[in-house]
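Asks: Got a predicted model here, sequence first, then my questions.
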Amino acid sequence: MGEVDTDQLKQTVERMHGGKATLVQSVLVKEAFKGAKGWEGLVHVFDLAYNPNATRAYAWSSPIEGSTKRRFFAVLHTDKINSPVAAVRARIMAEHKTKQ
């Protein structure tokens, strides 16, 4: 699957959202969207200190189709986005809306 180093994801969280991220756990997520495979991979859960908006963040990366590069995601924990699965689902929904 070509997962990235957790330090890269930690840096992504801190760069995108500020604060100081500390890895808590990594969770395997398999998420489908409208009956099709949406995404499968490890989501890294970080505690987030010194951020005024959240105390937790979820981060992962995905390969860019047709490229050797990866795309990085970092989503803050909220009332509605309260798990690794919910973070991936929210990102898939946001991308789906953008494509319409």
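Replies: Looks like it arrived, so ask away.
Asks: Provide a list of residues in contact with the residue nearest to G18 when sequence neighbours are not counted.
Replies: Distances taken as C-beta to C-beta, 6 or more residues apart in numbering place N51 nearest to G18, at 5.5 Å, with adjacent residues excluded. Bear in mind the C-beta positions are built from the backbone N, C-alpha and C, glycine included. Contact partners of N51, counting by C-beta atoms under 8 Å, 6 or more residues apart in numbering, are H17, G18, G19, A57, L76.
Asks: By neighbours, which of those residues wins?
Replies: A57 (28 neighbours; other C-beta atoms under 10 Å).
Asks: Test my guess that it contacts A74.
Replies: Yes - between A57 and A74 a contact is recorded at 5.7 Å, counting by C-beta atoms under 8 Å.
Asks: Now do the shared contacts for these two.
Replies: V13, H17.
Asks: got the contact list for the residue positioned nearest the centre of the chain?
Replies: Taking C-alpha atoms, centre = their mean as the criterion, A59 is the residue nearest the geometric centre of the chain, at 3.2 Å. By C-beta under 8 Å, 6+ apart, the residues touching A59 are L9, K10, T12, V13, A21, V43, H44, F46, F72, F73, A74, V75.
Asks: same thing but at 7 Å, please
Replies: When contacts are counted by C-beta atoms under 7 Å, 6 or more residues apart in numbering, A59 touches L9, T12, V13, H44, F46, F73, A74.
Asks: and those, which of them are in helices?
Replies: Among the contacts of A59, the ones falling in helices (DSSP state H) are L9, T12, V13.
Asks: Out of the residues you listed, the closest to G38 would be?
Replies: L9 (19.6 Å; C-beta to C-beta).
Asks: That closest one and K97, how far apart?
Replies: Here the distance between L9 and K97 works out to 25 Å (C-beta to C-beta, to the nearest Å).
Asks: Which one's more surrounded, the two?
Replies: For L9 and K97, the more surrounded residue by other C-beta under 10 Å is L9, and the numbers stand at 26 against 8.
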